[in-house]
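Visitor: No sequence on hand, only this structure:
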Ligand SMILES: *Cc1c(COP(=O)(O)O)cnc(C)c1O
């Protein structure tokens, strides 16, 4: 069984290694490293055929269930090059445990979280030259699980692939840590309680594209989702969670089944509380936010997520009206969180919560 499985290593020949992109050409998720991790699952053997191998195409039957019913889950985390040129991971075990929560909800097999952290370290160590040196640049890691049984019956697949691919990325938003404009969707919704909004499954993102395009055409970078029943309560923004600072209190919506529980969100709640900030989870409606903005009590708004870390929100577009927040400036708590979280992730700052682990 997986507790003691072996990982085979099949290396790319020295003369076949890819040319690494220059720092200005990183983009987000366009260049992939030389190697990947892959393992397979079926009922009889559990996880097996586990290997670090050259990055390559899959050969899948067109009937593979993932293509038809979207039984697919993923994670997103990063390797950071920091203090003394060392490499770090931020809360990697939490990512694999969250993936297991996604697996359970999607009727997929669980992975050994602890073991996956060791395998991931080995993979990153092998690809260490791919972890970018430029400030704000990182190696983005994408663990993914897909259903590969070739049959069209609607049921949980009896076989799966789990793989990890990695891509060097620059800073997430073209604007850097500058305030973004977001579109408050009062028509389309992302998730409902009891649905799958609280797990990282592929279909959530496919379903968000239509609204994202509307937002993009209106000059917005992201969509702010409201609850599916009343179109009133704030849920999250794009692939980030969201925070509001009102009367010095930091507020984020509670995890009640339709919101993805971000690790950055959790880290921000803990870090802010450790600074003595009153940081709480409570339902907050779009009307409360706009009222607070009107009366000057809304100090700042920002999103949190692995990809962008902290993304300040400078403008909200809601029902054909534009609302400017904090004069379109980055708020002081967002700026401090951005700096200190990055300093922890890069090993430059004490890590009181034991979030960071070294690679190699
Ligand atoms: C991944 C994700 C987040 C952020 O999670 P982190 O663990 O902080 O990266 C937030 N919302 C959605 C919908 C996501 O997919």
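Guide: Structure received. Here the structure is a predicted model, which means the values were calculated and not measured.
Visitor: residue nearest the centroid of this structure?
Guide: Against the mean C-alpha coordinate of the chain, by C-alpha atoms, centre = their mean, the closest residue is residue 76 at 4.4 Å.
Visitor: doesn't residue 264 make contact with that residue?
Guide: No: Residue 76 lies out of contact with residue 264 (C-beta atoms under 8 Å); the separation is 10.4 Å. All C-beta spots, glycine's among them, are computed from the backbone N, C-alpha and C.
Visitor: just to revisit the earlier point, which pLDDT value goes with the residue nearest to the centre of the chain?
Guide: Here the pLDDT value assigned to residue 76 is 98.
Visitor: And it, how far from the ligand?
Guide: For residue 76, the distance to the ligand equals 6 Å [C-beta to the nearest ligand atom, to the nearest Å].
Visitor: For that residue, list the residues it contacts.
Guide: 95, 140-142, 200, 306-307 (C-beta atoms under 8 Å, 6 or more residues apart in numbering).
Visitor: Find the residue closest to residue 283 in space, skipping its chain neighbours.
Guide: residue 233 (5.2 Å; C-beta to C-beta, 6 or more residues apart in numbering).
Visitor: Could you report the neighbour count for that neighbour?
Guide: Counted with other C-beta atoms under 10 Å, the neighbours of residue 233 add up to 20.
Visitor: The one 3 residues further on now?
Guide: As a burial measure, residue 236 scores 25 neighbours (other C-beta under 10 Å).
Visitor: So it sits against residue 227, correct?
Guide: No: between residue 236 and residue 227 there is no contact under C-beta under 8 Å: 10.6 Å.
Visitor: hey, what's in contact with both of residue 76 and residue 264?
Guide: Counting by C-beta under 8 Å, 6+ apart, the shared contacts of residue 76 and residue 264 are residue 306.
Visitor: From residue 244, how far off is the residue nearest to residue 283?
Guide: Residue 233 sits 12 Å away from residue 244, taking C-beta to C-beta, to the nearest Å as the criterion.
Visitor: any common contacting residues for those two?
Guide: Common neighbours of residue 233 and residue 244 (criterion: C-beta under 8 Å, 6+ apart): residue 284.
Visitor: got a list of what residue 105 touches?
Guide: 196, 198-199, 201.
Visitor: Which pLDDT value goes with it?
Guide: 98.
Visitor: Please apply the same query to residue 128.
Guide: In this prediction residue 128 is given a pLDDT of 97.
Visitor: Write down the beta-bridge partners of the nearest residue to it once chain neighbours are set aside, one by one.
Guide: Spatial nearest neighbour of residue 128, excluding adjacent residues (C-beta to C-beta, 6+ apart): residue 87 at 6.2 Å. Beta-bridge partners for residue 87, by DSSP bridges, are residue 81, residue 359.
Visitor: Distance-wise, check residue 87 relative to the ligand.
Guide: The value you get for residue 87 to the ligand, if C-beta to the nearest ligand atom is used, is 19 Å.
Visitor: Looks like that residue contacts residue 132 (just checking).
Guide: No: using C-beta under 8 Å, residue 87 is not in contact with residue 132; the gap is 11.1 Å.
Visitor: can you list residues touching both of those two?
Guide: residue 81.
Visitor: any idea how this structure splits into domains?
Guide: The chain breaks down by automatic domain parsing into domains covering 2-169, 180-345.
Visitor: So which of the ones you listed is the most surrounded?
Guide: Most buried of the domains of the chain, by mean neighbour count (mean count of other C-beta atoms under 10 Å): domain 180-345, with a mean of 19.
Visitor: Do me a favour and average the pLDDT over that domain.
Guide: 97.
Visitor: What sits closest to the residue of the stretch 101-250 of the chain found nearest the ligand if chain neighbours are left out?
Guide: Closest contact between the stretch 101-250 of the chain and the ligand, by C-beta to the nearest ligand atom, is at residue 239 (4.3 Å). Leaving aside its sequence neighbours, residue 239 sits nearest to residue 305 (C-beta to C-beta, 6+ apart; 5.7 Å).
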